[in-house]
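In: Have a look at this prediction, sequence included:
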Number of protein chains: 2
Amino acid sequence: MNLPKKVTIIEVGPRDGLQNDPSIVPTDIKLSFINALKAAGLKEMEITSFVSPKWVPQMSDASNIVKATYDQSRNIVLTPNRKGVDRALQEGCKSVAVFVGVSNTFNLKNINKSTAESLKELQPIIAELKEKKIFVRACISTSFYCPYEGKIQMDDVVALCSSFVEYGVDELSVADTIGMANPQESFYLFSKLKELFPDTLLTAHFHDTRGMAVANVFAALQAGVDRFDTSAGGLGGCPFAKGATGNVATEDVVFMLEQMGISTGVDLTRLKEAVQLIKSHISRSIDSKYFSLSES
Amino acid sequence: MNLPKKVTIIEVGPRDGLQNDPSIVPTDIKLSFINALKAAGLKEMEITSFVSPKWVPQMSDASNIVKATYDQSRNIVLTPNRKGVDRALQEGCKSVAVFVGVSNTFNLKNINKSTAESLKELQPIIAELKEKKIFVRACISTSFYCPYEGKIQMDDVVALCSSFVEYGVDELSVADTIGMANPQESFYLFSKLKELFPDTLLTAHFHDTRGMAVANVFAALQAGVDRFDTSAGGLGGCPFAKGATGNVATEDVVFMLEQMGISTGVDLTRLKEAVQLIKSHISRSIDSKYFSLSES
């Protein structure tokens, strides 16, 4: 069994987690959370998103978050459109995430554009970002199943990823948005993507909706994936995807990886402190076996 | 990826689950639960155990359970010692489970005998059971980690399994009693056992204490294992093993297997009815993603 020796965790709790929690967390708590996560060794992180404060009040303090987290970590901000990208550039962000759904219906319901329209809009944006030496992460949602269209074809995922690689993105974050993928599907899709795009960072993003996320991580490792999006405390979920509960918990993934001798650079004791810090400020309960066990 | 086409689920909820729940479930509810599980397609099941009613009042109705479940299913009763075996034989049981821990300390704390003493006692018992054409299942606990001794050596598991195979057991149920095994360890141990004991039924028994149980099932499948102990609703756990929460939930394992095209013969809708039936009679909450999602 040939697994990577080292894995990079991309922490998405402060963005994906807090954006999808009904509570509006005060900026100073968010910053303490982010700093606690960094102190635990998480060096790549989605910290906030430049979305409409009218629709997503949870992220209305994006500018302040960005201003306060200007360090050597990869501080990623999510931008849904041209306006978001402009705000990110204005704030001097060095790492930007864009996103699109493989499922056309999902994309339409999520951001009111077809997948093709999204791609067309993103091509010049990515070119501009790359010209400015910005790190570009492309988040590919509904890469396995769509709540409206059902099973997604692997060819469609490959085609979308190909476009992004052609546009010059640095990273593909390929997501099982509704937590429906089984580990065999994960193994095959990620094996294919690893083979086709050896020069692009490839990250797997799993939700634990049906209890298969950790198994999917194990399957993706076997496909050679060494980057995983995870969320401290299992925070998050997608408000547009019915039944999409939280992301797989950072601490559960880190625990398994370290147990297998795979280095993550993450300190579980400090990570637990970060989860404890955010716990009382969110509406969801913490969904992580490691955390529950250590609290019991 | 070469996975089995068909998997047998050994349901342990009525025994492992209810024995380790603080509540004493009325016999008629237990029987309804057992029948609902059978109606869902579960044909092999730990139904009760002949243990001391003084120490384990949850199982004091073992004889009545056995009398009421005399059908073509493999109705397994757990017996901790000679006395339990005699009671099982007296009741006409056709399938008996015996158990022993690989860890000597665990075995001592659990049943007040060393592992060697347990083996010595079991050899003639197994011989007698086999002479009487009884199906004998050997449950090997602490096969990966022990709460007292830590990491268990694979050689010790192999040696214990060898003895049982030599004694003539029909099945080895190899357990990660405290839910600490990682999928790589599971893959290696089960690959080894599959290679060494090709003629004995080999069953993997995982607990989800640290969120790795489903990943371990996936790993064991890759090692060729096609039998899994699981518990409806994730009921159970081991009262002697600190931090040993429930068995992996039957519905989560069945869901994953069926999604991968692996046939289990289990009807998830009916299985959910069985979980709903037992839910209000136990102290623990249901620990299954499939159940939670379908209830939400």
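Out: Great, that's in hand.
In: Can you tell me the closest non-neighbouring residue to A:Ala36?
Out: A:Ala274 (3.6 Å; CB to CB, 6 or more residues apart in numbering or on different chains). From N, CA and C alone the C-beta is placed, and that goes for glycine too.
In: how much space is there between the residue nearest to A:Lys6 when sequence neighbours are not counted and chain B?
Out: Nearest residue to A:Lys6, sequence neighbours excluded (CB to CB, 6+ apart): A:Ser263, at 4.8 Å. Per CB to the nearest CB, to the nearest Å, A:Ser263 is found 14 Å from chain B.
In: Over to A:Asn247?
Out: Distance, A:Asn247 to chain B, by CB to the nearest CB: 13 Å.
In: again, but for A:Lys113
Out: With CB to the nearest CB as the criterion, A:Lys113 and chain B are 29 Å apart.
In: which SS state does that residue fall under?
Out: Judged by DSSP: H, G, I helix; E, B strand; the rest coil, the three-state class of A:Lys113 is coil.
In: tell me the contacts of it?
Out: By CB atoms under 8 Å, 6 or more residues apart in numbering or on different chains, the contact set of A:Lys113 is A:Asn107, A:Glu121.
In: pLDDT score assigned to it?
Out: pLDDT for A:Lys113: 95.
In: So which bits of stretch A:162-169 are buried?
Out: A:Ser163, A:Phe164, A:Val165, A:Tyr167, A:Val169 (16 or more other CB atoms under 10 Å in any protein chain shown).
In: ditto for stretch A:39-50
Out: A:Ala40, A:Gly41, A:Leu42, A:Lys43, A:Glu44, A:Met45, A:Glu46, A:Ile47, A:Thr48, A:Ser49, A:Phe50.
In: Quick check: end-to-end length of it?
Out: This stretch, stretch A:39-50, spans 25 Å end to end (CA to CA, to the nearest Å).
In: what do you get for stretch A:102-118?
Out: Terminal residues of stretch A:102-118 are spaced 11 Å apart (CA to CA).
In: again, but for stretch A:20-35
Out: End-to-end distance for stretch A:20-35: 20 Å, by CA to CA.
In: what's that stretch in contact with?
Out: Stretch A:20-35 is contacted by residues A:13-14, A:18, A:45, A:47-48, A:57-58, A:60-61, A:64-65, A:68-69, A:232, A:235-239, A:274, A:277-278, A:281-284 when judged by CB under 8 Å, 6+ apart.
In: if you set the cut-off to 6 Å instead, what comes out?
Out: Stretch A:20-35 is contacted by residues A:14, A:18, A:47, A:57-58, A:61, A:64, A:68-69, A:236-237, A:239, A:277-278, A:281-284 when judged by CB atoms under 6 Å, 6 or more residues apart in numbering or on different chains.
In: Next, report how far that stretch is displaced from the centre of its chain.
Out: With CA atoms, centre = their mean, to the nearest Å as the basis, stretch A:20-35 stands 17 Å off its chain's centre.
In: could you pull out the helices for chain A?
Out: Secondary structure of chain A (DSSP state H): helices at A:18-19, A:27-39, A:62-68, A:82-90, A:104-111, A:115-131, A:154-167, A:183-196, A:213-222, A:250-259, A:268-279, A:289-295.
In: burial measure for the residue lying closest to A:Ala39 once chain neighbours are set aside, as a count.
Out: Spatial nearest neighbour of A:Ala39, chain neighbours left out: A:Arg270 (5.5 Å); criterion: CB to CB, 6+ apart. For A:Arg270, the neighbour count with other CB atoms under 10 Å in any protein chain shown is 15.
In: circling back: could you say which of the helices of chain A is packed most deeply?
Out: Per residue and on average, the most neighbours among the helices of chain A fall to helix A:213-222, with a mean of 29 (mean count of other CB atoms under 10 Å in any protein chain shown).
In: In this structure A:Phe144 contacts A:Asn182, no?
Out: No - counting by CB atoms under 6 Å, A:Phe144 stays clear of A:Asn182, with 8.6 Å between them.
In: got a list of what A:Leu78 touches?
Out: A:Arg15, A:Ser49, A:Ala97.
In: so what's A:Ser294 closest to, chain neighbours aside?
Out: Excluding its sequence neighbours, the residue lying closest to A:Ser294 (CB to CB, 6+ apart) is A:Lys272, at 6.0 Å.
In: Contact distance from chain B - what residues of chain A qualify?
Out: A:1, A:182-184, A:187, A:210-212, A:214-215, A:218, A:243, A:252, A:256, A:259-260, A:289, A:293 (CB under 6 Å from any CB of the partner chain).
In: A:Lys289 - nearest residue in space that isn't next to it in sequence?
Out: B:Gly211 (3.6 Å).
In: returning to what we had before: now pLDDT and distance to B:Lys30 too, for the buried residues of stretch A:162-169, in a markdown table please.
Out: What follows is the buried residues of stretch A:162-169, written out as a markdown table (pLDDT from 0 to 100; distance: CB to CB, whole Å):
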| residue | pLDDT | distance to B:Lys30 |
| --- | --- | --- |
| A:Ser163 | 98 | 58 |
| A:Phe164 | 98 | 56 |
| A:Val165 | 98 | 58 |
| A:Tyr167 | 98 | 61 |
| A:Val169 | 98 | 57 |
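In: Closest one of these to chain B?
Out: A:Val165 (25.5 Å; CB to the nearest CB).
In: what's near enough to touch that closest one?
Out: A:Phe197, A:Thr200.
In: Now whatever residue of the stretch 101-250 of chain A ends up closest to chain B: phi and psi?
Out: Per CB to the nearest CB, A:Gly211 is where the stretch 101-250 of chain A lies closest to chain B, at 3.6 Å. Dihedral angles of A:Gly211 (phi, psi; degrees, to the nearest 10) stand at phi 80, psi 10.
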